[in-house]
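A.B. asks: Structure for this input, please:
(one chain, ligands or ions: 1)
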Amino acid sequence: MEAPPQIRDTLDYVYTRTPEAHRIAVGIHFGTLPPSAADDREDVARYAAYVARQLQPRVRLNSNSPAAPLRMNFASCYVQDHDEDSHFFHAVAGVIGVADGVGGCRSAGVDAAAFSRGLMGNAFSEVSASDLGKPVCPYTILDRAYQRTAASGTPGASTAVIVSLAGKALRWAYIGDSGFALFRDGKLLHRSEPQQHYFNCPFQLFAGEGSHRVSGAAVGEIAVEEGDVLVVASDGLFDNVFDSTLERTVQMGTAFNFTPQHMADIMAGQAHNASMDASKDSPFSVAAREHGLTCTGGKQDDITVVVAFVESQDDMTTDLPVSRLRT
Ligand SMILES: [Mn+2]
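C.D. replies: Numbers count the residues shown, from 1 in each chain. Prediction:
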């Protein structure tokens, strides 16, 4: 399997700094090993277990300054298929958005990327125009972005998720199966539950008469700590990569001091690998069979991955990243 070009720098970094067992354990073996070679290697399993043990319990560097304010250090990776995903992160406000244009519109001759791009472009400008000293409410941002996108007559439909860091809490609002996963000490702590009408038909936002579909958004918040790892992504990630693999990647990445960019690239690469592999099960194929469908392999799709490390604002070792809008 060829690796997508945008992740090759990260692969070079990882290949020169990690043992082979690490790469196999995380599922990074683009073009070098058949995926099946990784399955039964005892050294790989032992190695993965060793790394996982090192992370528990985590040494809490900020234990003597629990009041230190938090910030997020982000990066994103996008591997396109039909190029209908869109995303942003706003570094100062601490807000991430991911939207996934609904491909079903394509057959009707509609630009299936229009609504997702409109949503994220409008959400980014809403965040930029907000009082950056104050916490951002994801529901409000999603609602305003939806109103503006719908009012401009934008065609198509989209799922969307907005996540913000407000003090010590992570807040979210999402529609459909764009979502997020939060990891602490290398373990999945919280994961969004996709909203769908029926299998493979997610809730979605679109302009329509008298509609106000943002009111159906799932909203919530959870306390975060320094060292937590947040992954916000389209279903191109979550349908192709099992939570257990994401956990292993977070564990290995922590052990080897991956940056958010490394982690986002590796996760997107894993999803791309799985999406092109017709022989191995994916979360999508497992779910499809539970719904009585015949299905194996991954699901080809746009893959958007935004990774954010929750850091202490006292940690001056890294500059805050530059905000990004990808429409
Ligand atoms: Mn998708």
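A.B. asks: how many other residues sit next to Glu247?
C.D. replies: 18 (other C-beta atoms under 10 Å). (Each C-beta comes from the backbone N, C-alpha and C, glycine too.)
A.B. asks: swap in the one 10 residues further on?
C.D. replies: Using other C-beta under 10 Å, Asn257 is surrounded by 8 other residues.
A.B. asks: For it, give me the pLDDT.
C.D. replies: We have a pLDDT of 91 for Asn257.
A.B. asks: Where does the closest residue to Thr259 other than its chain neighbours fall, secondary structure wise?
C.D. replies: Counting by C-beta to C-beta, 6 or more residues apart in numbering, the nearest residue to Thr259 once its immediate chain neighbours are dropped is Ala75, at 6.7 Å. For Ala75, the element it lies in under DSSP states H and E is strand 70-79.
A.B. asks: by contact count, what packs against that strand?
C.D. replies: Helices and strands touching strand 70-79, by 3 or more C-beta pairs under 8 Å, 6 or more residues apart in numbering; DSSP states H and E, are strand 85-90, strand 157-166, helix 260-275, strand 303-312, strand 324-326.
A.B. asks: Just give me the neighbour total for the residue in the stretch 101-250 of the chain positioned nearest to the ion.
C.D. replies: Relative to the ion, the nearest point of the stretch 101-250 of the chain is Asp235 (4.4 Å; C-beta to the ion). Burial measure for Asp235: 26 neighbouring residues, criterion other C-beta under 10 Å.
A.B. asks: and what of Arg117?
C.D. replies: Arg117 has 23 nearby residues by other C-beta under 10 Å.
A.B. asks: does it count as helix, strand or coil?
C.D. replies: helix (DSSP: H, G, I helix; E, B strand; the rest coil).
A.B. asks: which non-adjacent residue is nearest it?
C.D. replies: Spatially, and ignoring its direct neighbours in sequence, Arg117 is nearest to Thr327 (4.0 Å; C-beta to C-beta, 6+ apart).
A.B. asks: The one you found reaches Gly121, doesn't it?
C.D. replies: Yes. Applying C-beta atoms under 8 Å, one finds Thr327 in contact with Gly121, separated by 4.9 Å.
A.B. asks: Spell out which residues are contacts of both of those two.
C.D. replies: Ser86 (C-beta atoms under 8 Å, 6 or more residues apart in numbering).
A.B. asks: These two: who's more crowded?
C.D. replies: Gly121 (21 against 17).
A.B. asks: chain center to stretch 167-180: distance?
C.D. replies: Centroid separation for stretch 167-180 versus its chain: 11 Å, with C-alpha atoms, centre = their mean, to the nearest Å.
A.B. asks: Let me know how buried Met252 is, in neighbour terms.
C.D. replies: 26.
A.B. asks: between the strand holding Ala75 and strand 85-90, how big is the angle?
C.D. replies: Here strand 70-79 runs at an angle of 160 degrees relative to strand 85-90 (axes from the mean of the first three to the mean of the last three C-alpha atoms, to 10 degrees).
A.B. asks: Please say whether there is contact between strand 70-79 and the ion.
C.D. replies: No. Strand 70-79 does not reach the ion (C-beta under 5 Å from the ion); its nearest approach is 11.5 Å.
A.B. asks: circling back to that earlier point, wait, the residue nearest to Thr259 touches Val307, no?
C.D. replies: Yes. Between Ala75 and Val307 there is a contact at 5.8 Å, judged by C-beta under 8 Å.
A.B. asks: out of these two, which sits in the busier spot?
C.D. replies: The residue with more neighbours, out of Ala75 and Val307, is Val307; 32 against 20, by other C-beta under 10 Å.
A.B. asks: For the lowest-mean-pLDDT helix or strand in the chain, buried residues please.
C.D. replies: None of the helices or strands of the chain scores lower by mean pLDDT, DSSP states H and E than helix 42-54, at a mean of 79. By 16 or more other C-beta atoms under 10 Å, the buried positions in helix 42-54 come out as 44, 47-48, 51-52.
A.B. asks: Same list, these, but as a markdown table with distance to Phe88 please.
C.D. replies: Formatted as a markdown table, the buried residues of helix 42-54 follow (distance: C-beta to C-beta, whole Å):
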| residue | distance to Phe88 |
| --- | --- |
| Val44 | 37 |
| Tyr47 | 37 |
| Ala48 | 34 |
| Val51 | 32 |
| Ala52 | 33 |
